[in-house]
Structures are given as structure tokens and as C-alpha cells.
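K.L.:
can you look at this prediction? I've put the sequence above it.
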Amino acid sequence: MLAPFFRKILLLFIVTSAVAQTETEVVPPYNIKTTTFIQNNENVVPIFELGSGFQFQFDDLFGNEANYYYEIVHCDYNWKPTDIPKTEYLKGFDGQRIQEYENSVNTLQTYSHYRLPIPNQFTQLRISGNYILKILDENKDVVFSRKFILYEDLVTVPMQIRRARTANYLDYKHNIEFSVRSLVLNFQNPLKNVKVVLFQNGQFNTAIKNIAPQYTIGNELIYKYDTETQFWAGNEFLYFDNNDIRAAANNVSRVNSSTGIYSSNLYTNNARGNFPYSVTPDVNGNFVVRNISSVKNDIEADYAWVYFSLSAPAFMSKKGIYVTGMFNNYSLSPEYKMDFNAEKKIYEKAVLIKQGFANYQYQVADEKGNVDAEKAIDGNFWQTENDYSILVYYRENSDRYDRVIGKATANSNVITN
């Protein structure tokens, strides 16, 4: 009599454990490229105000008009799926086929370009919070996934970018001081219920989390830490521009058209960590798909093999060097890990990238994807211009999910000592 009961309990435990697992982004397969969120015709960090519209776009290099579907999952602060019914965060339904797609035109690399507008006729999102967008194939297996966040405008977050508060890092780090204020909400137990996330240039994999308010003044939460809210400042992003895919210009040293599709060989970069800081205007990791000869860049921009090379000493550890930027969602997958050429004594990597303008950087990371910003190839300089943003999460004692109640942004161009 008891065995079936215990089997049910065990099954419930297994299901509950599976649901509680942290969601991580599934890296796209080789044929999926240029996955990006679009708002106002620009590639953006996927943090949107609740109720605003945006698109998710990607290319399939197989170019066979394959059927793709989408699923949207609401998550808590730690990216674990919430246990609320889908009808509470989604009006309509997901699981629908992506209906907007076009094939490339006048390109050597054929591809199908997909667009998923959110909201759309089937799907509208009701609440703020962390979300995972999963792209599925015809068998409803996950092909890849991307994180995005919706926020409400219920708090103000005055913030200030300062040089490091600790003397030994004064020249290498940025410190963020901020407070959280609201005329709408009376915070219940803010030390437990209010959480924040700090981003540098929109990079999810280097975000600072789990910082409690240092103290409170009435309904204002104060964060003035010396070390907990510090980022390594890094260096300005590098860039290339091959919008004219047949010409060598804008950090492209040589073009090759004998391999089926074009190749853009970039000038070899020197590791800048031991050089003085130099002002180099950038767009903090972003990219722009662009073909100078086209009208519709989405489907008329071609793909090219971009050859990166870096002059730096060989690593004798398990850490590697990766080419990253918004163009590949700062991915630390093997596809973007550089190989050391012992004969030339440089690191090299060829990456297939849609033509246009792109910022990129060289990141040091271990096999588990932990970025080692302290040992940055291009060094850390307090003068570096970075975008910083803060998201504020709040969960009242009676709530069943984490709301995102505010966002703030600032740039280190305005920095104080």
C-alpha cells in the first residue's frame, strides 16, 4: 500500500528538482549566426521596459527555410523558472512557429533570416522579470536560447561612477555608488526582498549580484561599498568594418575571394596591457550589420571569414583567449577560442561573421566560462569609457515571483575620484 505512495513522492521530488534548475543560455549550433535583439532598428542589450516592443532575429546558414518555434519561460532573480502558471506572465500562448523569415539575396553565403516580434498576435508578456527565450526545432527540441529582462519604472536609482576606493586598484577599477528610492513602493524587509544586478557594457556573464543595501534612510536604500561593487575597467574595444566586403580598409589588411566566400584578414593586434592607455572611440561591444551596396541589410549583407590574430605570450595554464562581443553574445564556446601558432608566436582564430561594423575584445577565461578580468589581455585602465547599468528586483513577502522595478544607466566618461 505504501510503495505507490512513496513512488509518487519520489516522482514529485524529481520533477520539482528539475523545475528548480538554473536556466543557462544554450549556445547556438554552427549554422545559427547573428542572434540579436533589435529595438528601434538597432542591436541592443536585451533589457526592455515592460510593454515596449522589440524583435529577436537570427540567421540559419542552411538557408532551407526550416521551421522554428519559440518558448518563453519566466525566471526568478537567480534564473530558476518560477512556479507561477504561464497564464500569469503570458497573455495568449507560445509554442508557435516563427512566421517572419526571408532568404538571402545576392550573397555568396546563403541563409534564411528569421524575425520574432514581441509582442505579437499570439504572445504578449504581462509581468516584469527575467525571461529565457528558447528557439525550438520541429521536434520541439531546444536549438538555442537567449536571456532577456523586462523592467517596470517604479524606482529611481541615482548612480555615480568613481575610481576604485582601494588604493591598490585605483588605476585599474571602476566603483559604482548608488541608491534606490521610491515614492510608489514602501519596501518590506529590504535587506531580504530587494536585490540588484550590476552590468558592465551589458555583459550578463560578468554581472555583479547579491549585493545587499549597506544601510537605509527611511525608504531609501544606500549602496556605497568600497570593494563589492567594483568592476575591472578593461580597455576600449577593438573594431573592424568590412561593409565593403571586397575592399581592405578599416583595420582589414587583406581580402581573399578564392575560398567560396570572402575572407577579411585583420591586422595583428598587440596585447595592450603593457602599453599606456590610448583613447579609441568605440560602441562598447555593439555591432551593425551593413553592406554598403545593399538596400536591405538583413538579407543582402554577406558573411565573411574574419581572421583575428593577436600577438601575446602563450598561456601555460588551462585558461584560453576568446574573441567576443555582442556579435556573438560574448560567447566562450570553442568556436571562438583562439589557437596559439607556435611558429608565428601569435594567437589566431577565423570566425564567420555577417559583414558590417563590429566591436570585439579578447577575453581570458577558463574551461568553465569564468572570465579572468584581472589578467585582461589589453589591461585595465581607469580612463576606459564603459556603460554601466543597474537593475533592481523586488519581491514582497506575499509575492510569488521577482519583479524588476527599475533600471539605471551611467557612463564612466563622467567619473570622479
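P.N.:
Thanks, I have it. Numbering: from 1, shown residues only.
K.L.:
low-confidence ranges in the stretch 1-150 of the chain?
P.N.:
1-20 (pLDDT under 70).
K.L.:
redo that, cut-off 50
P.N.:
1-2, 12-19 (pLDDT under 50).
K.L.:
just the helices in the stretch 251-400 of the chain please.
P.N.:
With DSSP state H, counting those that start in this stretch, the ranges of helices along the stretch 251-400 of the chain come out as 297-300.
K.L.:
what segments of it are strands?
P.N.:
Per DSSP state E, counting those that start in this stretch, the stretch 251-400 of the chain carries strands over the ranges 252-259, 261-266, 269-270, 287-289, 303-311, 320-324, 339-341, 346-354, 356-365, 387-394.
K.L.:
how about these in a markdown table, adding mean pLDDT, mean neighbour count and distance to K195?
P.N.:
C-betas here are computed from N, CA, C, even on glycine. Shown next, in a markdown table, are these (pLDDT from 0 to 100; neighbours: other Cβ atoms under 10 Å; distance: least, Cβ to Cβ, whole Å):
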| stretch | mean pLDDT | mean neighbour count | distance to K195 |
| --- | --- | --- | --- |
| strand 252-259 | 91 | 13 | 44 |
| strand 261-266 | 96 | 20 | 41 |
| strand 269-270 | 96 | 16 | 38 |
| strand 287-289 | 97 | 21 | 31 |
| strand 303-311 | 97 | 20 | 37 |
| strand 320-324 | 96 | 22 | 27 |
| strand 339-341 | 94 | 13 | 40 |
| strand 346-354 | 97 | 19 | 36 |
| strand 356-365 | 97 | 22 | 26 |
| strand 387-394 | 98 | 22 | 4 |
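K.L.:
T82 is nearest to which of those?
P.N.:
Closest to T82 of those is strand 387-394 (Cβ to Cβ; 12.4 Å).
K.L.:
what's the closest one in contact with?
P.N.:
Here strand 387-394 makes contact (Cβ atoms under 8 Å, 6 or more residues apart in numbering) with 45, 47, 77, 149, 151, 155, 157, 159, 161, 174, 176, 178, 180, 185, 187, 193-202, 231, 284, 402-412.
K.L.:
in contact with Y89, which residues are there?
P.N.:
Neighbouring residues of Y89 by Cβ under 8 Å, 6+ apart: H74, T82, L125, R126, I127, G129, Y401.
K.L.:
just the buried members of the contacts of strand 387-394?
P.N.:
Among these, those scoring as buried are 45, 47, 77, 149, 151, 155, 157, 159, 161, 174, 176, 178, 180, 185, 187, 194-202, 231, 284, 402-408, 410, 412 (criterion: 16 or more other Cβ atoms under 10 Å).
K.L.:
wait, N201 sits on D282?
P.N.:
No: using Cβ atoms under 8 Å, N201 makes no contact with D282, being 9.6 Å away.
K.L.:
tell me the contacts of the closest residue to R254 other than its chain neighbours?
P.N.:
What sits nearest to R254 in space, not counting adjacent residues and going by Cβ to Cβ, 6 or more residues apart in numbering, is N265, at 4.3 Å. Taking Cβ under 8 Å, 6+ apart, we find N265 in contact with V252, S253, R254, V255, N256, Y307.
K.L.:
for the first one, which non-adjacent residue is closest in space?
P.N.:
It stands for V252. That would be S264: by Cβ to Cβ, 6+ apart, it lies 4.8 Å from V252.
K.L.:
coming back round to it: and the residue nearest to R254, what are its bridge partners?
P.N.:
For N265, the beta-bridge partners are R254, Y307 (DSSP bridges).
K.L.:
who's in contact with A248?
P.N.:
Here A248 is in contact with R254, V255 (criterion: Cβ under 8 Å, 6+ apart).
K.L.:
next, it: phi, psi?
P.N.:
With angles defined as degrees, to the nearest 10, A248 sits at phi -100, psi 110.
K.L.:
distance check, it against V323.
P.N.:
Using Cβ to Cβ, to the nearest Å, A248 is found at 20 Å from V323.
K.L.:
same check on N120?
P.N.:
Taken as Cβ to Cβ, the span from N120 to V323 is 34 Å.
K.L.:
go on, A410?
P.N.:
28 Å.
K.L.:
cool, N243 as well?
P.N.:
In terms of Cβ to Cβ, N243 sits 19 Å off from V323.
K.L.:
now the strands for the stretch 101-250 of the chain?
P.N.:
Counting by DSSP E, counting those that start in this stretch, the strands of the stretch 101-250 of the chain are 112-118, 123-125, 129-136, 142-151, 159-163, 173-180, 194-200, 208-209, 215-217, 220-223, 230-232, 238-241.
K.L.:
nearest to D94, out of these?
P.N.:
strand 123-125 (5.5 Å).
K.L.:
partner strands of the closest one, parallel or antiparallel?
P.N.:
strand 90-92 (antiparallel).
K.L.:
what's in contact with the strand it pairs with?
P.N.:
The contact list for strand 90-92 (Cβ under 8 Å, 6+ apart) reads I72, H74, Q121, F122, T123, Q124, L125, R126.
K.L.:
starting at the chain centroid, how far to it?
P.N.:
How far strand 90-92 lies from its chain's middle: 26 Å, per Cα atoms, centre = their mean, to the nearest Å.
K.L.:
what comes up buried for it?
P.N.:
Result for strand 90-92 [16+ other Cβ under 10 Å]: buried residues L90.
K.L.:
please begin residue numbering at 458 from this point
P.N.:
Got it, first residue is 458 now, which makes that one strand 547-549.
K.L.:
got the contact list for K543?
P.N.:
With contact set as Cβ under 8 Å, 6+ apart, K543 has these partners: H531, D551.
K.L.:
three-state assignment of the closest residue to E842 other than its chain neighbours?
P.N.:
Spatial nearest neighbour of E842, excluding adjacent residues (Cβ to Cβ, 6+ apart): N870 at 5.3 Å. For N870, the assignment made with DSSP: H, G, I helix; E, B strand; the rest coil gives coil.
K.L.:
among the strands of the stretch 708-857 of the chain, which comes closest to E557?
P.N.:
strand 744-746 (16.7 Å).
K.L.:
list the strands paired with that closest one, with their directions.
P.N.:
strand 813-822 (antiparallel).
K.L.:
just how off-centre is the partner strand within its chain?
P.N.:
13 Å.
K.L.:
same check on stretch 705-715?
P.N.:
On the basis of Cα atoms, centre = their mean, stretch 705-715 sits 28 Å off its chain's mean C-alpha point.
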